[in-house]
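In: got a predicted structure plus its sequence, pasted below:
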Amino acid sequence: GQQLNQSPQSMFIQEGEDVSMNCTSSSIFNTWLWYKQDPGKGPVLLIALYKAGELTSNGRLTAQFGITRKDSFLNISASIPSDVGIYFCAGPSGGYQKVTFGIGTKLQVIP
Amino acid sequence: SQTIHQWPATLVQPVGSPLSLECTVEGTSNPNLYWYRQAAGRGLQLLFYSVGIGQISSEVPQNLSASRPQDRQFILSSKKLLLSDSGFYLCAWSTGTGGYGYTFGSGTRLTVV
């Protein structure tokens, strides 16, 4: 099946810094999704991308659908303590709207 | 508006005991429903999905089963829990008519002792 590789797997940053993380796939995707999971909660959809080259923002978050359709990037600007959590990339995995998730990037923000 | 409920929030069960986790969705009809497990606070593994009442597909062989007795109810069960069944179980739904954005429940933390 399709595999998604996320990097980095964890990161510590100072409050106010910008953050970049990426996700690569072993196969072409026509949709990329980015989720955030707060500690002890279910993941929440942040951004959905549907077109190669697409750049979409949600507040301080910006995600891009890679031109090759095998990668996607998520940037967070001016990080704040509530950005702490695990960020997952995800993409379609067969029919019935099944989705494969990456292993996640665990973000910790130092005040 | 649509909401998804999962319970219980936490559960500690002895090895060999049965399990029943419940998930219900409100405010929508004929949703696709999914059970995921998250081990060690990291990756999400799809366990089961359902596109309609009584229709269950399993993604991985395991000690668990799922049922969908009603349109908006999804149940995860086990007859005899194993230590390896410990984890964070998440229920999710999608519209089934396009798009891949899931809405997840708040999860159940299961510890098998």
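Out: Arrived safely. Predicted, not measured: the structure shown is a model, and the values here were computed from it. Numbers count the residues shown, from 1 in each chain, chains lettered A, B, ... in the order given.
In: show me which residues of chain A are close to chain B?
Out: Applying Cβ under 8 Å from any Cβ of the partner chain, we find that chain A lies next to chain B at A:31, A:33, A:40-45, A:48, A:86, A:88, A:90-93, A:96-104, A:106. Quick note: C-beta positions are derived from backbone N, CA and C, even for glycine.
In: which residue does chain B bring closest to chain A?
Out: residue B:104 (3.2 Å; Cβ to the nearest Cβ).
In: and that residue, bridged to which residues?
Out: In this entry, residue B:104 is beta-bridged to residue B:92, by DSSP bridges.
In: wait, it touches residue B:88, no?
Out: No: using Cβ atoms under 8 Å as the test, residue B:104 is too far from residue B:88 to be in contact (10.9 Å).
In: chain B: strands as residue ranges?
Out: Counting by DSSP state E, chain B has strands at residues B:3-7, B:10-13, B:19-26, B:32-38, B:44-52, B:55-58, B:65-70, B:73-78, B:87-94, B:103-104, B:108-112.
In: now chain A
Out: Using DSSP E, the strands found in chain A span residues A:4-7, A:10-14, A:19-25, A:32-37, A:44-49, A:55-58, A:61-65, A:71-76, A:85-92, A:99-101, A:105-110.
In: so can I have a markdown table of those showing distance to residue B:11, mean pLDDT and mean neighbour count?
Out: Formatted as a markdown table, the strands of chain A follow (distance: least, Cβ to Cβ, whole Å; pLDDT from 0 to 100; neighbours: other Cβ atoms under 10 Å in any protein chain shown):
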| stretch | distance to residue B:11 | mean pLDDT | mean neighbour count |
| --- | --- | --- | --- |
| strand A:4-7 | 29 | 94 | 18 |
| strand A:10-14 | 28 | 96 | 12 |
| strand A:19-25 | 32 | 96 | 20 |
| strand A:32-37 | 20 | 96 | 25 |
| strand A:44-49 | 23 | 95 | 19 |
| strand A:55-58 | 34 | 96 | 13 |
| strand A:61-65 | 34 | 98 | 20 |
| strand A:71-76 | 33 | 98 | 21 |
| strand A:85-92 | 22 | 94 | 24 |
| strand A:99-101 | 23 | 91 | 22 |
| strand A:105-110 | 24 | 96 | 18 |
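In: dump those strands into JSON lines; add distance to residue B:48 as well.
Out: Listed next are those as JSON lines, based on distance: least, Cβ to Cβ, whole Å:
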{"stretch": "strand A:4-7", "distance to residue B:48": "20"}
{"stretch": "strand A:10-14", "distance to residue B:48": "29"}
{"stretch": "strand A:19-25", "distance to residue B:48": "24"}
{"stretch": "strand A:32-37", "distance to residue B:48": "19"}
{"stretch": "strand A:44-49", "distance to residue B:48": "21"}
{"stretch": "strand A:55-58", "distance to residue B:48": "30"}
{"stretch": "strand A:61-65", "distance to residue B:48": "29"}
{"stretch": "strand A:71-76", "distance to residue B:48": "27"}
{"stretch": "strand A:85-92", "distance to residue B:48": "17"}
{"stretch": "strand A:99-101", "distance to residue B:48": "14"}
{"stretch": "strand A:105-110", "distance to residue B:48": "26"}
